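A.B. asks: model this:
(chains A and B)
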Protein chains: 2
Amino acid sequence: MTENFIGIDFGGTNIKIGCFSADLKLLWKTSIPTDAHMGPAVVIDRMVDTIKSMATNSKVPLATIKAIGIGSPGPAYYSQGILIRCANLPKFTDVPISKMLKKKLGKPVVLENDANAACYGEFVAGQGKNIKNMVFFTLGTGIGSGIISDGKLLRGSGDNAAELGHTIVNVNGRLCGCGQRGCAEAYASASNTARRATEVIEAGAKSSLKAILEKNGQITSKDVYEHLAKGDQLAKKITDETAEVLAVLCVNALHGTEPEKIVFAGGMIAAGKPLLNRITYYFKQHIWKIKQEDSVEICFATLGEDAGIIGAAALAREL
Amino acid sequence: MTENFIGIDFGGTNIKIGCFSADLKLLWKTSIPTDAHMGPAVVIDRMVDTIKSMATNSKVPLATIKAIGIGSPGPAYYSQGILIRCANLPKFTDVPISKMLKKKLGKPVVLENDANAACYGEFVAGQGKNIKNMVFFTLGTGIGSGIISDGKLLRGSGDNAAELGHTIVNVNGRLCGCGQRGCAEAYASASNTARRATEVIEAGAKSSLKAILEKNGQITSKDVYEHLAKGDQLAKKITDETAEVLAVLCVNALHGTEPEKIVFAGGMIAAGKPLLNRITYYFKQHIWKIKQEDSVEICFATLGEDAGIIGAAALAREL
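C.D. replies: Residues are numbered from 1 along each chain as shown, chains lettered A, B, ... in the order given. Next up, the predicted model:
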């Protein structure tokens, strides 16, 4: 019998749902607003209804769905399928989401960290094809990450491994949202890249970004790399600082789990080659010289926003 | 039939050899000078002769030895059993040590990084009993490390994972022997702890260590923690700086592979509780506050110098 799998990317704003064949071909996908304020029971019912109506309207009967995977922000007891709480999901406190979905749909459910799910998607269907070790960073509000070691997601003793955005690259450095000082995320996430630009402009630095700040009341990372493309020197300096910290993350990732590839994803990779080239440049500057390190490839993800649903479906396939 | 295993700790100064039962009870051990200048053929013959004569003189016949494990400094093609070269082993360039030993003794041989072997020893017979995830640091001339993930040594794509001493904790910080800037090792290895003390005393700082420097022409890490015990304020400051960097390594290790235990080994742990307490203190200072991290245990290794031979024998047992 045909076996298909559903992958869910459970975000603070939207819930993306995809249905995949056993070889991870996309059969259908859809997206609904999360509306987390309506509470877990309602939100989960809407997910179930969406899956059922998609199954009815597509040529993929519900009976062919073998299992369901969900990628969700933490903290969570992932292996137990319980969301503890999440800044972007008010009212979702101690929600046994896997159990609830399983009860409604009668299928096995696996819960995974959202960055891990996207990492796994990119591993099985994107940059990770034909390799066994990969490190994945997604540059957004924070820096999410995932580690593939010997072909498997590295989960750690309590399912909270691979928080590499919160590794400290400057002892007693810049304050991070997590409360630590000197985290890579405090410098090089998309949000903090934009924040650093804002700070120096507010302190009097000259830049074409100043007009943006005055007009919009804020600067985004997209503004930074658009003004970089236009030749703004401050945008170049800010991008360089981001690239240097990301390069140091690459050095540390290599000395940690020694991946074949280090893959960057998230909105900020729209900055394109100018960003990737600077990461690669600083990697060569910072990496040790006692041994040539030319085998690791630093690259951008290829799956875009679908990585999360593909990865979640791939994890469901392993149940 | 009884099956026994030999573990070899192949160092620049000495070669330690131990014979273990299948449940890793020590049956005999010995140590010979490495005399690396005599070249690989001679050194390996001496290892073989030592094993044969120990087998003859002990109640453990050579026929009961099922396999041999070797821990050695790198860089090496460990999975191929070839030493590439090593600063402390002149004349050992591209030496197929596993093949050579196998030919002479007729037993399977496995080669592993020396820090990984010691890590594995501590994992199977020391602090790692009853856990599945561990990070291990050995504080000597450098900072060696090993990672146990889900019960196994994490080796990476080219057998050179777990070089955590060379993770960068200060972008563009202190120069490390490896050529990188800001490595943890550049601050907190035993040698660099002593070096930092020397530097500040030479720059005019007051300390009871000054007399040691004048008398011996150098300061060792042992001098530092002995003078710490006597209440010297500079020794306290230097130890604190070491402890803070080691604590940041612990934070990064937790956010990397999320071990149940982080274990420190090597000569410098003779500094005892005063060092361990300061590492724990700084860990609590630096770790994030968004999630309570009270499950990870930071501790000292228990096997001492035998960790390497036990780990190598345990790896041989898995052949």
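A.B. asks: so residue A:285 lies in a helix, does it not?
C.D. replies: Yes: secondary structure of residue A:285 (DSSP: H, G, I helix; E, B strand; the rest coil): part of a helix.
A.B. asks: hmm, residue A:243 and it touching each other?
C.D. replies: No: the pair residue A:285 / residue A:243 is not scored as a contact, 10.4 Å apart, by CB atoms under 8 Å. All C-beta atoms are positioned from the backbone trio N, CA, C, and that covers glycine.
A.B. asks: looking at the two, which is more packed in?
C.D. replies: residue A:243 (23 against 14; other CB atoms under 10 Å in any protein chain shown).
A.B. asks: what helix or strand is that one on?
C.D. replies: helix A:233-257 (DSSP states H and E).
A.B. asks: now the helices for chain A?
C.D. replies: A:40-57, A:97-105, A:114-125, A:184-188, A:190-202, A:209-216, A:221-229, A:233-257, A:273-286, A:307-317 (DSSP state H).
A.B. asks: now the helix or strand of chain A with the lowest mean pLDDT: how far from the chain's centre is it?
C.D. replies: Least confident helix or strand, chain A: strand A:76-77 with a mean of 90, by mean pLDDT, DSSP states H and E. Mean-position distance between strand A:76-77 and its chain equals 17 Å (CA atoms, centre = their mean, to the nearest Å).
A.B. asks: ok and the residue in the stretch 101-250 of chain A nearest chain B?
C.D. replies: Proximity to chain B, evaluated over the stretch 101-250 of chain A using CB to the nearest CB, is greatest for residue A:156 at 2.6 Å.
A.B. asks: from what I see, that residue and residue B:255 are in contact.
C.D. replies: No: using CB under 8 Å, residue A:156 makes no contact with residue B:255, being 9.4 Å away.
A.B. asks: higher neighbour count, these two?
C.D. replies: Ranked by neighbour count (other CB under 10 Å), residue A:156 and residue B:255 place residue B:255 first, with 26 against 22.
A.B. asks: tell me which of the helices of chain A lies nearest to residue B:100.
C.D. replies: helix A:233-257 (29.9 Å; CB to CB).
A.B. asks: so residue A:280 sits right up against residue A:299, yeah?
C.D. replies: No: using CB under 8 Å, residue A:280 is not in contact with residue A:299, being 9.4 Å away.
A.B. asks: about what we covered before: shared neighbours of residue A:156 and residue B:255, anything?
C.D. replies: residue A:162 (CB atoms under 8 Å, 6 or more residues apart in numbering or on different chains).
A.B. asks: how near is residue A:282 to residue A:198?
C.D. replies: Using CB to CB, to the nearest Å, residue A:282 is found at 23 Å from residue A:198.
A.B. asks: now do residue A:88
C.D. replies: 22 Å.
A.B. asks: these two - which one has more neighbours?
C.D. replies: Comparing residue A:88 with residue A:198 by other CB under 10 Å, the one with more neighbours is residue A:198, at 20 against 12.
A.B. asks: could I get the helices of chain A as TSV with mean pLDDT and distance to chain B?
C.D. replies: Shown next, in TSV, are the helices of chain A (pLDDT from 0 to 100; distance: least, CB to the nearest CB, whole Å):
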stretch	mean pLDDT	distance to chain B
helix A:40-57	96	21
helix A:97-105	97	19
helix A:114-125	98	12
helix A:184-188	97	9
helix A:190-202	97	14
helix A:209-216	97	24
helix A:221-229	96	20
helix A:233-257	98	4
helix A:273-286	97	6
helix A:307-317	98	16
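A.B. asks: wait, which of those is closest to residue B:105?
C.D. replies: helix A:233-257 (33.7 Å).
A.B. asks: now the angle from that closest one to helix A:221-229?
C.D. replies: Helix A:233-257 and helix A:221-229 are oriented at 110 degrees to each other (axes from the mean of the first three to the mean of the last three CA atoms, to 10 degrees).
A.B. asks: by contact count, what packs against helix A:233-257?
C.D. replies: Contact here means 3 or more CB pairs under 8 Å, 6 or more residues apart in numbering or on different chains; DSSP states H and E; on that basis helix A:233-257 packs against strand A:134-139, strand A:143-149, helix A:184-188, helix A:190-202, helix A:221-229, strand A:261-265, helix A:273-286, helix B:233-257.
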